[in-house]
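> Got a sequence here, can you model it:
(one chain, ligands or ions: 1)
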Amino acid sequence: GEVEVLHWWTSGGEAQAVGTLRDLLESEGHGWKDFAVAGGAGDSAMTVLKSRAMSGNPPSAAQINGPEIQEWGELGLLGNLDEVAAEENWDELLSPIVADMMRHDGHYVAVPVNVHRVNWLWANPTVLEDAGVEVPTTWNELFAAGDALREAGYVPLAHGGQPWQDATTFETVVLSLGGADFYRQAFVELDQETLESDTMIEALTTFRRLRELMDEGMPGRDWNLATKMVIDGQAAMQIMGDWAKGEFTAANMQAGSDYLCAPVPGTADDFIFNIDSFAMFQLEDADASEAQTALARLILQPEFQQTFNQLKGSIPARSDLDMSESDSCAQRSMDDFKAASETDTLVPSVAHRMAMRSDVQGAFFDIITNYFNDDSVTAEQAAQRLSQAASLAF
Ligand SMILES: OC[C@H]1O[C@H](O)[C@H](O)[C@@H](O)[C@@H]1O
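Take a look at the predicted model:
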């Protein structure tokens, strides 16, 4: 049978990674109809999926992440994967936080592909050395490094001015200054007092100050082009989830020597997670649903988990695999994921659909990106607006 797969993986590293899934499925005699929709870290793909599903013609499989799985589950359009989950022991293979996200009403309706870490700082060691600076571990060190890097003719921090990228950077600053409990209070509980607090205002202020480290060409730039600036040595650093590592790998660069990874300043003991997953739509066609089940089974098998995640930049969704062949950044990510699970400093990404309903997330994106780009808006006003948006969520 054939599966039509909707996803938003179109950058160099992303395309190579999803290609391994296609190859594996085809090697089992099934067909793969690719349906890639780029942009907005999935925003465009979700808009297209809604219209396809509402017109009664959903794809067989779609990349749907986080609480949106529940939103689609509520619509009764998703298929039940309990049989393959039982056969393949998903309950044993997956940590509770990952397994819970894949179930709706207690039934598996999606399969996790990976665990991405969002709170990473990527750096070009040659550029840092040329400017005589170290990888910063505090915001003050980052701003000080900025002056030296500009002096030496480099862009200190590569960034792409798009709402989801602004939100990605912002959530790491909130975690850094407030900590995991504060982050959850703000973005999961949507607590208004927390959203209006002095710590949130300090986070907003520090966040916008990061624009000092960015270049004129930042507005609208795609994330992987910002990563390319670090790869090419035009820029020193980038704050981005570890899908950025997929671009370094695609450029044949070695972790720890050609490029460096470090937790965003002040977040070394914390882990912002983002889990990619495929949800399966109910299908009439028996052949197609056989191929769909094969896809779900393959995704959590060791071979795919190892190959895909090494190319994608994430770590496997199952935590029982040998990481000794993986690069040092992946090994660190897996160690930190396990440690953060123990110390309760594992938090869901806002920018990547893990923390809140899509409508509330949309409102937060607008407020964050408007504040980031408009100096006439004060941090106090932005905090008020986040609090206001949160109050409408209930
Ligand atoms: O497209 C950029 C990134 O967007 C989302 O965060 C996805 O979860 C990730 O897999 C992807 O690489």
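> Spatially nearest residue to the closest residue to the ligand within the stretch 251-394 of the chain, not counting backbone neighbours?
When scored by C-beta to the nearest ligand atom, the stretch 251-394 of the chain has His352 as its residue closest to the ligand, at 4.1 Å. From N, CA and C alone the C-beta is placed, and that goes for glycine too. Among residues not flanking His352 along the chain, Asn274 sits closest, at 3.8 Å (C-beta to C-beta, 6 or more residues apart in numbering).
> Would you mind listing what in the stretch 251-394 of the chain touches the ligand?
274, 276, 352 (C-beta under 6 Å from any ligand atom).
> tally of neighbours for the second one?
The tally of other residues near Asp276 (other C-beta atoms under 10 Å) stands at 27.
> Give me the pLDDT value at it.
Confidence at Asp276, expressed as pLDDT, is 97.
> Which residues are in contact with it?
Neighbouring residues of Asp276 by C-beta atoms under 8 Å, 6 or more residues apart in numbering: 63, 65, 112-114, 116, 314.
> Pick out whichever of these sits closest to Glu71.
Nearest to Glu71 out of these is Asn65 (C-beta to C-beta; 11.1 Å).
> What strand or helix carries the closest one?
In this assignment (DSSP states H and E), Asn65 forms part of neither any helix nor any strand.
> looking at it, it is touching His352, isn't it?
Yes - if you go by C-beta atoms under 8 Å, Asn65 and His352 touch, sitting 6.7 Å apart.
> show me what contacts the closest residue to the ligand within the stretch 1-150 of the chain?
Distances between the stretch 1-150 of the chain and the ligand by C-beta to the nearest ligand atom are smallest at Ala41, namely 3.5 Å. By C-beta under 8 Å, 6+ apart, the contact list for Ala41 reads 8, 164-165, 168, 223, 351-352.
> Ends of stretch 85-95, what's the gap?
14 Å (C-alpha to C-alpha, to the nearest Å).
> tell me how far that stretch is from the chain's mean position?
Between the centre of stretch 85-95 and the centre of its chain there are 23 Å (C-alpha atoms, centre = their mean, to the nearest Å).
> what does the average pLDDT come to for it?
What stretch 85-95 shows for mean pLDDT is 96.
> How about residues contacting it?
Outside stretch 85-95, the residues touching it (C-beta under 8 Å, 6+ apart) are 99, 102, 108, 111-112, 297, 300-301, 317-320, 341.
> One more pass at 6 Å, please.
With C-beta atoms under 6 Å, 6 or more residues apart in numbering as the test, stretch 85-95 has contacts from 108, 297, 318-319.
> Quick check: the two most widely separated of the residues you listed?
Largest separation among the contacts of stretch 85-95 by C-beta to C-beta: Arg297 and Ser319, giving 18.8 Å.
> quick revisit: the residues of the stretch 251-394 of the chain next to the ligand in strands, which ones?
In strands, judged by DSSP state E, the following of those are found: Asn274.
> Closest one of the residues of the stretch 251-394 of the chain next to the ligand to Gly241?
Within these, distances to Gly241 taken as C-beta to C-beta reach their minimum at Asn274, with 6.1 Å.
> Against Asp34, how distant is the closest residue to Phe35 other than its chain neighbours?
Nearest non-adjacent residue to Phe35, counting by C-beta to C-beta, 6+ apart: Leu6, 4.4 Å away. As judged by C-beta to C-beta, to the nearest Å, Leu6 and Asp34 stand 9 Å apart.
> again with Ala17
Distance from Ala17 to Asp34, counting by C-beta to C-beta: 13 Å.
> Comparing these two, which residue is more hemmed in?
Using other C-beta under 10 Å, the more surrounded residue of Ala17 and Asp34 is Ala17, with 26 against 13.
> now for the helix or strand containing that one, which elements pack on it?
Assigned by DSSP H and E, Ala17 belongs to helix 12-27. Other elements packing on helix 12-27 under the criterion 3 or more C-beta pairs under 6 Å, 6 or more residues apart in numbering; DSSP states H and E are strand 31-36, helix 243-250, helix 302-312.
> contact partners of the longest one?
Applying C-beta under 6 Å, 6+ apart, the set of residues contacting helix 302-312 from outside is 16-17, 20, 24, 114, 246, 298, 315-316, 321.
> Any quick PyMOL command for the buried ones out of these?
Here is the PyMOL command that selects the buried residues among the contacts of helix 302-312 (16 or more other C-beta atoms under 10 Å):
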select buried, resi 16+17+20+24+114+246+298+315+316+321
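> Using CSV, please lay out the contacts of helix 302-312 together with pLDDT.
Output for these, formatted as CSV (pLDDT from 0 to 100):
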residue, pLDDT
Gln16, 94
Ala17, 94
Thr20, 96
Leu24, 96
Asn114, 98
Gly246, 97
Leu298, 97
Ile315, 98
Pro316, 98
Leu321, 96
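> Distance to Gln361 added to the contacts of helix 302-312, as JSON lines?
Formatted as JSON lines, those follow (distance: C-beta to C-beta, whole Å):
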{"residue": "Gln16", "distance to Gln361": "28"}
{"residue": "Ala17", "distance to Gln361": "25"}
{"residue": "Thr20", "distance to Gln361": "30"}
{"residue": "Leu24", "distance to Gln361": "32"}
{"residue": "Asn114", "distance to Gln361": "21"}
{"residue": "Gly246", "distance to Gln361": "24"}
{"residue": "Leu298", "distance to Gln361": "30"}
{"residue": "Ile315", "distance to Gln361": "24"}
{"residue": "Pro316", "distance to Gln361": "26"}
{"residue": "Leu321", "distance to Gln361": "31"}
